[in-house]
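Asks: Got a predicted structure here, sequence first:
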Amino acid sequence: MDRPVVLVVDDDALVLRALLACLKSDEYELYSATSGPEALLLADQLGARLKLLVTDFLMPRMSGTELIRLARAKNPGIRVLLLSGLSPIPGFEHETMEKPYDLVAIRARIAEELSLKPP
């Protein structure tokens, strides 16, 4: 059986490495990107296999909300988890996880999101 695919996006390399180390699991495949444009290219390659997009909100060149909007235009069933130091984010209808990150809570949210039906 194919494992669900999770794409993690953060422009801060240290944060991204910490997230990837924490999220490593046999239950899903992890991919990463350091920018919105890079994440969109990867999302296109992954296609419908991509089940969850975990992204930082504030990034140069493309915000996390813009990345989510563009990714969902091509893959409407993708679930999202937005990570931010700002909460709530005006105009964003989904919950966010606030910085500083609670890595155990992020793992739990990913497990929860992957167990839910697509939006």
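Replies: It's in.
Asks: mind checking which helix or strand of the chain has the lowest mean pLDDT?
Replies: Using mean pLDDT, DSSP states H and E, strand 96-98 stands out as the lowest-scoring helix or strand of the chain, at a mean of 74.
Asks: Does the residue positioned nearest the centre of the chain lie in a helix or a strand, and which?
Replies: Using C-alpha atoms, centre = their mean, the residue of the chain that lies closest to the mean C-alpha position is residue 54, 1.1 Å off. Assigned by DSSP states H and E, residue 54 belongs to strand 50-56.
Asks: what element comes up after that strand heading to the C-terminus?
Replies: helix 64-74.
Asks: So which elements touch that following helix?
Replies: For helix 64-74, the elements it packs on are helix 36-46, strand 50-56, strand 79-84, judged by 3 or more C-beta pairs under 8 Å, 6 or more residues apart in numbering; DSSP states H and E. Where C-beta positions appear, they are placed from N, C-alpha and C, glycine not excepted.
Asks: and the angle from the shortest one to helix 64-74?
Replies: In this structure, strand 79-84 runs at an angle of 170 degrees to helix 64-74, with axes from the mean of the first three to the mean of the last three C-alpha atoms, to 10 degrees as the basis.
Asks: Which strands and helices lie in contact with strand 79-84?
Replies: Against strand 79-84 (3+ C-beta pairs under 8 Å, 6+ apart) you get strand 50-56, helix 64-74, strand 96-98, helix 103-115.
Asks: cool, the longest one as well?
Replies: Contacting helix 36-46 under the criterion 3+ C-beta pairs under 8 Å, 6+ apart are the following elements: strand 5-9, strand 29-33, strand 50-56, helix 64-74.
Asks: Tell me the buried residues in the helix or strand just after the first one?
Replies: Read it as strand 5-9. Going down the chain from strand 5-9, the next helix or strand is helix 13-23, by DSSP H and E. By neighbour count on 16 or more other C-beta atoms under 10 Å, the buried set for helix 13-23 is 16, 19, 23.
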